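# sharing a sequence plus its predicted fold:
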Amino acid sequence: MISDVQVLILILSFGLMSVLLVGQISNVRSVQMTASLVPTTGQGEVDWSAIRFMTIKYPPNSPLAQEFNGKSETIKFTMQPEEDGMPQLVQAFNNAIASQKNSPVRINNASLTYTGQLKGTEDELSLSYNVQVKPTFMSGITLSSENQTADVVDLDWRSINVADPLTLTTPYGEMDINYPVGLLQANYSSMADQLMTTEASAIMADPLLNFQDVGRSMDTWHFLFDPTGSQAGAASAGLQELGGARVVSIYSLGESSFREGTFKETEKQASATMDGTPITVESTTPATAAQMTIAGFSKIQKTGDTEFAVVTQQAPSGTTTATGGFPIQVLLVLGGMMGAVAVFVLIKTRK
């Protein structure tokens, strides 16, 4: 019989292989949101990642085929919080949180890493996007404290859609980092402008920074907790230092099952004509995956459509999780999610 240690080694090995596979193929991250919240301080950190694949199909020997066949380009840059344009990005996120969620949570600063890849063949142009927004600090997550024994934490901020274009001054010039058409604006501005006048404009202007699916009901998230605090140091050392909680609650989203439902990639398609050339534009966004860690033992509560967590420093005696023990089961969930996304990315990059 396989021991827990052997299972753990197998899971970690599989997860590492999945991460390496994904990284080597297209340098993407599978998780759209990763958050760490400390209710006692009202502070937290969150990373958002927008991932998308697009294909523009055209006839062989067409003007587009002549222009893009054999092309292979990568546009990648990082912008730090103090650089021009970053306050505009932070404000866009804060406006979305305030207007769409009526939430007091605010992002104080953020960094941006944009990676876009373009590869052309005789009959199609493949585009891939990985836009990572890493707020180094956010505040206002704690709504109130109940007799200093429990904290009420806002959870609605997580599912926002930054819908407007975000044109920043990048090393490649003025570029919209939120709309897919922005990748073409850098070196193929004429084509980008033409696409926006066709029936494919809706897909080319479909915001990358749309995280509404992360707002799925917390009933569809896996809940596990670490009653010993051992994972606090391993997964997020700052939680224990900032929050002082020995209990850590972990919520993960993305595994399909009867209880959680089915998580599938989102696909869109449009046909258009550009300079007399018929084209088909296809867009695919990987299935939603997210993880949220809260310092303390949390219990989800609802008021209408609003969800929040009531967090205490210790778990009630005899408390069990929805999926059993920890940490073997959570590693199974996350390992399976990473493996599924690795296969998905492999298929997309070899099409």
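Nice, thanks for sending it over.
# give the contact list for Tyr251.
By Cβ atoms under 8 Å, 6 or more residues apart in numbering, the contact list for Tyr251 reads 218, 221-223, 291-294. From N, CA and C alone the C-beta is placed, and that goes for glycine too.
# and what of Tyr129?
50-54, 115-116, 180, 183, 208.
# cutoff 6 Å now
Contact analysis of Tyr129 by Cβ atoms under 6 Å, 6 or more residues apart in numbering lists 52, 116, 208.
# closest one of these to Asp275?
Gly116 (23.4 Å; Cβ to Cβ).
# the closest one touches Ile75, doesn't it?
Yes - the criterion here is Cβ atoms under 6 Å, and Gly116 meets it with Ile75 at 4.5 Å.
# which of the contacts of Tyr251 are buried, as a PyMOL select command?
The buried residues among the contacts of Tyr251 can be selected in PyMOL (16 or more other Cβ atoms under 10 Å) with this line:
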select buried, resi 218+221+222+223+291+292+293+294
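# number of residues surrounding Ile97?
Neighbours of Ile97 under the rule other Cβ atoms under 10 Å: 24.
# where does it land in three-state SS?
Assigned with DSSP: H, G, I helix; E, B strand; the rest coil, Ile97 falls in the helix class.
# confirm for me that it is in contact with Ser159.
No - look at Ile97 against Ser159 with Cβ under 6 Å: they stay out of range, at 9.9 Å.
# where does the stretch 51-200 of the chain have low pLDDT?
146-148 (pLDDT under 70).
# again, only using 80
135-136, 145-149 (pLDDT under 80).
# going by residue numbers, what spans are helices in it?
Assigned by DSSP state H, counting those that start in this stretch, the stretch 51-200 of the chain shows helices spanning 63-68, 86-101, 182-185, 189-195.
# just those helices: most buried one?
Ranked by mean neighbour count under mean count of other Cβ atoms under 10 Å, the helices of the stretch 51-200 of the chain are led by helix 182-185, which reaches a mean of 25.
# and it, what other elements does it pack with?
strand 173-176, helix 189-195 (3 or more Cβ pairs under 6 Å, 6 or more residues apart in numbering; DSSP states H and E).
# turn the ones you listed into TSV, columns for distance to Ile250.
Formatted as TSV, those follow (distance: least, Cβ to Cβ, whole Å):
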stretch	distance to Ile250
strand 173-176	35
helix 189-195	42
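# strand partners (parallel or antiparallel) of the host helix or strand of Lys302?
Per DSSP states H and E, Lys302 falls inside strand 297-303. If you go by DSSP bridges, strand 297-303 pairs up with strand 306-312 (antiparallel).
# mind listing what's buried along the strand it pairs with?
For strand 306-312, by 16+ other Cβ under 10 Å, it's 307-312.
# check stretch 42-62 too.
42-58, 62.
# before we move on, the earlier item: closest to Glu267 out of the helices and strands packed on helix 182-185?
Here helix 189-195 is closest among those (Cβ to Cβ), at 18.7 Å.
# hey, C-alpha coordinates of the closest one in CSV?
Provided in CSV are the C-alpha atoms of helix 189-195 (Å, rounded to 0.1, in the frame of the first residue of the first chain):
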residue,chain,number,x,y,z
SER,A,189,-0.8,49.1,-36.6
SER,A,190,-2.4,49.2,-40.1
MET,A,191,-3.8,45.7,-39.7
ALA,A,192,-4.9,46.5,-36.1
ASP,A,193,-6.9,49.5,-37.3
GLN,A,194,-8.5,47.5,-40.1
LEU,A,195,-9.5,44.7,-37.8
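# residues in contact with it: which ones?
For helix 189-195, contacts defined as Cβ under 6 Å, 6+ apart pick out 181, 184-185, 204, 274.
# between which two of those is the distance greatest?
For the contacts of helix 189-195, the maximum inter-member distance is 15.8 Å, found between Gln185 and Met274 (Cβ to Cβ).
# ok, the contacts of Tyr129 vs Asn102, which is closest?
Leu208 (24.2 Å).
# tell me the secondary structure at the closest residue in space to the closest one that isn't next to it in sequence.
Once flanking residues are discounted, Leu208 sits nearest to Ala50: 4.0 Å by Cβ to Cβ, 6 or more residues apart in numbering. What three-state DSSP gives for Ala50 is strand.
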